[in-house]
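# sequence below, structure please.
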Amino acid sequence: MELIKVGKIVNTHGIKGEIRIISDFKYKKDVFKVGNILYVDDDKLEINSYRVHKNFDMVTFKGINDINDVLKYKGSNAYINREEYKFDGYLYEDIIGLDVIIDNKKYGVVDTFLFSTAHPIIVIKDKDNNKHFVPYIDEYVKEINLEKHEILIEVIDGLL
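From the prediction side, this is the model:
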């Protein structure tokens, strides 16, 4: 089983066992559906209801109807089993660790992602451990090849 983080439980909501999840997961509309499974701590929990409230994904779990039963999850991460899903595109987890190729030369590796309101930002770590930031948009990301373990980036003057 390969667990992928889909969000963090930041609080409870009300007294009937609803939780608030903060999530920047790219495919959360596919994940937060009634009947799907979330893994929190050592528990396997089936989603009973889902709604969006402000910036939060609000979830209740089957068989849990009381705030006291979900308080223990506050501050925990929520995960899915990747093997249970087929996504139309790449997950950020797929791209982290790929070699960054610029002008047919290895420039560095994808270290992580940052998230802004406009678009995600790729954090590239070069051979000297310096970090560089590139918007994760088609203008700069030309190709992702998981078989070759590389991502092709096109840069403009001043980007790096």
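
# give me phi/psi at residue 29?
The phi and psi values for residue 29, taken as degrees, to the nearest 10, are phi -70, psi -30.

# ok, it to residue 116 distance?
Distance, residue 29 to residue 116, by C-beta to C-beta, to the nearest Å: 20 Å. Yep, even glycine has a C-beta here, placed from its N, CA and C like the rest.

# likewise for residue 3?
Relative to residue 116, and taking C-beta to C-beta, residue 3 is found at 26 Å.

# residues in contact with the most centrally placed residue in the chain?
Closest to where the C-alpha atoms of the chain average out (C-alpha atoms, centre = their mean) is residue 25, at 3.5 Å. Residues near residue 25 by C-beta atoms under 8 Å, 6 or more residues apart in numbering: 5, 6, 7, 31.

# swap the cut-off to 10 Å and go again
4, 5, 6, 7, 31, 32, 57, 78, 80, 91, 92 (C-beta atoms under 10 Å, 6 or more residues apart in numbering).

# and residue 3 and residue 116? Which one has more around it.
residue 3 (13 against 9; other C-beta atoms under 10 Å).

# who does that one form a beta bridge with?
Beta-bridge partners of residue 3, counted by DSSP bridges, are residue 81.

# is it true that it touches residue 44?
No. With contact defined as C-beta atoms under 10 Å, residue 3 does not count as touching residue 44 (11.0 Å).

# overlap in contacts of those two?
residue 81.

# okay, now residue 7: neighbour count?
23.

# who does it bridge with?
Here residue 7, judged by DSSP bridges, has bridge partners residue 78.

# so it sits against residue 57, correct?
Yes. The pair residue 7 / residue 57 is scored as a contact, 6.5 Å apart, by C-beta under 10 Å.

# shared neighbours, the two?
Residues touching both residue 7 and residue 57 (C-beta under 10 Å, 6+ apart) are 19, 20, 21, 22, 23, 25, 28, 31, 32, 78.

# let's see which of these end up in helices.
Among these, DSSP state H puts 28, 31 in helices.

# now residue 55: closest residue in space that isn't a chain neighbour?
With C-beta to C-beta, 6 or more residues apart in numbering as the criterion, residue 55 has its nearest non-adjacent residue at 6.9 Å, and that residue is residue 22.
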